[in-house]
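Enquirer: can't give you the sequence, but here's the structure:
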């Protein structure tokens, strides 16, 4: 349980205080925060509350959307917020095609350029930017980086402590190269976060809500979890679920279920490898 | 217009006779047929009708679904039908995860094994099997081959005249490697078919109907069409659209619109390259 983190959007009705209290009640030691509820509660208040409660901020969600007007100022603000919260990374959703454009390769180049522009600012503040490759069904409207390989190629131009990637099971499970690329991400010291949720079939009408509780979808978590552990990732494992049923349920019941599934499907798999690794290097 | 083919499912309300008549009315010289309407009209009748009308069968849809019981007999029947129709290829939707299994790599291996099992039968009958890599949102339920690279890797074990691939803009537009892999497919003589349709955003509630008329979605057809032409593909260009609005419209109006869009967005792009190639080799 020590590495389990709950992403705030999983228990979306909770503000920062409810989330902190909920984590304490359930023995969860880390959380991924969202900027909107943090702003609502107050940035300094949020940072103090998390610190006093001893809860690690595994990520701040989210920067990116580099196709939107004002992206530079907005991302600098997000970096400042991540620094204030001591977040392990700032998750970046790089954005889709800009309005009225179909030029995918130009949009990808723009994303790479935008990252490059943010790096010095992030470096100065000690914040790690985390590129999140997204499922190809979101390529047009949310993320023109679709594979871990692409994200690692963009990250390669920058120091690993400032630009990493997020390995998200929902986004990457289908990728024929994902196992090899997780290994590469480990060797290149780029894994800034590991997010888990399942992939629902059939997809709901709004495909943004196609995530599910681990075990309720089609993903075989074992190989992915073992690969991430074998790649040397020792950070928090964040459960991020956008799902109408999960959002409609009692958040405490969601956390109870989430812990069960995490222990059965995720932690066991990762521990096998982590224990082997630590034996090897003892 | 000489290379334009209309896939029967684009004008789904039409049986084989209506399709043949429609192609004649619109000056379309090729069609992709589906097994169900062919069976309804009769295989021999369908073959004779197409032959007499001088309409090429650019593909027969579809074999595959290797996870289903009875797949071997069903695919052999599909091969026989493709042979009787003189189809340029039999399109294979390899299928998703088998019931109650999440073992993706096993499903991929099963697809490769099933292809290998079908090759001698297809070879004997002079039928070309065409692997269709499918958009990753269909990975679990329709196609565990998601990229052109994967499909080419599976095809590599077999002679190119018996196993090829279908390049489908809807399925592949997002793939960061698609341009390079189209080039590879050309060099390895594997392009058995080129299917075009657009990718609708936002996706409809049933993501199977996320295809659209060229120009109505997010795909930039120019680079893809030029790449396919540059790869030396000289076969038919099949327009395959699964879309509730297209299906609800008058099929003749659909074909009129389809020809306009094909000429403006597809043929022009391909002709530029094809003309350059033929000048080079004159």
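Expert: That came through fine. Here the structure is a predicted model, which means the values were calculated and not measured.
Enquirer: I'd like the distance from the longest helix anywhere in chain A to the chain centre, please.
Expert: Counting residues, the longest helix found in chain A (DSSP state H) is helix A:104-125. Centre-to-centre, helix A:104-125 and its host chain are 18 Å apart (Cα atoms, centre = their mean, to the nearest Å).
Enquirer: and it, what does it pack onto?
Expert: helix A:71-85, strand A:129-131, helix A:148-155, strand A:163-168 (3 or more Cβ pairs under 8 Å, 6 or more residues apart in numbering or on different chains; DSSP states H and E). To be clear about C-beta, it is placed using only N, CA and C from the backbone, and glycine gets the same treatment.
Enquirer: Strand partners (parallel or antiparallel) of the shortest one?
Expert: So that's strand A:129-131. strand A:90-93 (parallel), strand A:163-168 (parallel) (DSSP bridges).
Enquirer: Just send the ones you listed back as a markdown table, with distance to residue B:103, mean neighbour count and mean pLDDT too.
Expert: Converted to a markdown table, these look like this (distance: least, Cβ to Cβ, whole Å; neighbours: other Cβ atoms under 10 Å in any protein chain shown; pLDDT from 0 to 100):
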| stretch | distance to residue B:103 | mean neighbour count | mean pLDDT |
| --- | --- | --- | --- |
| strand A:90-93 | 30 | 26 | 98 |
| strand A:163-168 | 20 | 27 | 98 |
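Enquirer: So residue A:146 belongs to a helix, correct?
Expert: No: counting by DSSP: H, G, I helix; E, B strand; the rest coil, residue A:146 is not found in a helix; it is coil.
Enquirer: correct me, but it touches residue B:172?
Expert: No: applying Cβ atoms under 8 Å as the test, residue A:146 and residue B:172 come out as separate, 11.4 Å apart.
Enquirer: measure residue A:141 to residue A:98 for me?
Expert: 11 Å (Cβ to Cβ, to the nearest Å).
Enquirer: should've said residue A:255
Expert: 38 Å.
Enquirer: what about the two, which has more around it?
Expert: A count of neighbours by other Cβ atoms under 10 Å in any protein chain shown puts residue A:255 above the other of residue A:255 and residue A:98, at 23 against 16.
Enquirer: Excluding covalently adjacent residues, which one is nearest to that one?
Expert: residue A:26 (4.7 Å; Cβ to Cβ, 6 or more residues apart in numbering or on different chains).
Enquirer: same deal with residue A:230?
Expert: residue A:273 (5.0 Å).
Enquirer: Now do residue A:282, the pLDDT please.
Expert: Looking at residue A:282, its pLDDT is 67.
Enquirer: Which positions in the stretch 101-250 of chain A make contact with chain B?
Expert: For the stretch 101-250 of chain A, the contact set with chain B under Cβ under 8 Å from any Cβ of the partner chain comprises A:102-105, A:108, A:135-137, A:139-141, A:146-147, A:149-150, A:173-176, A:199, A:201-203, A:205, A:207, A:218-220, A:223.
Enquirer: Sort out which of those residues are in helices and list them.
Expert: A:104-105, A:108, A:149-150, A:223.
Enquirer: Looking at those, which one is closest to chain B?
Expert: Ranked by distance to chain B (Cβ to the nearest Cβ), these are led by residue A:150 at 5.0 Å.
Enquirer: What is the burial count for the closest one?
Expert: 22.
Enquirer: for it, what are its contacts?
Expert: With contact set as Cβ atoms under 8 Å, 6 or more residues apart in numbering or on different chains, residue A:150 has these partners: A:108, A:133, B:176.
Enquirer: State the distance from the residue nearest to residue A:103 when sequence neighbours are not counted to residue B:238.
Expert: Nearest residue to residue A:103, sequence neighbours excluded (Cβ to Cβ, 6+ apart): residue B:220, at 6.1 Å. For residue B:220, the distance to residue B:238 equals 19 Å [Cβ to Cβ].
Enquirer: ok, the two, which is more surrounded?
Expert: Legend: neighbour count by other Cβ under 10 Å for residue B:220 and residue B:238, higher for residue B:238 (27 against 17).
Enquirer: Tally up the residues packed near residue A:132, please.
Expert: Neighbours of residue A:132 under the rule other Cβ under 10 Å: 26.
Enquirer: Would you mind confirming that it is in contact with residue A:165?
Expert: Yes: when contacts are counted by Cβ under 8 Å, residue A:132 is listed as touching residue A:165 (7.3 Å).
Enquirer: Now for those two: what residues contact both?
Expert: Joint contacts of residue A:132 and residue A:165 (Cβ under 8 Å, 6+ apart) are residue A:151.
Enquirer: between the ones in helices among the residues of the stretch 101-250 of chain A next to chain B, which is closest to residue A:191?
Expert: residue A:149 (14.0 Å; Cβ to Cβ).
Enquirer: What about the closest one, how many residues nearby?
Expert: 18.
Enquirer: Over to residue A:80?
Expert: Using other Cβ under 10 Å, residue A:80 is surrounded by 15 other residues.
Enquirer: That one: what's it in contact with?
Expert: Residue A:80 neighbours (Cβ under 8 Å, 6+ apart): residue A:125.
Enquirer: measure it to residue B:3 for me?
Expert: 56 Å.
Enquirer: now do residue A:199
Expert: 38 Å.
Enquirer: Then residue A:139?
Expert: For residue A:139 relative to residue B:3 (Cβ to Cβ), the value is 28 Å.
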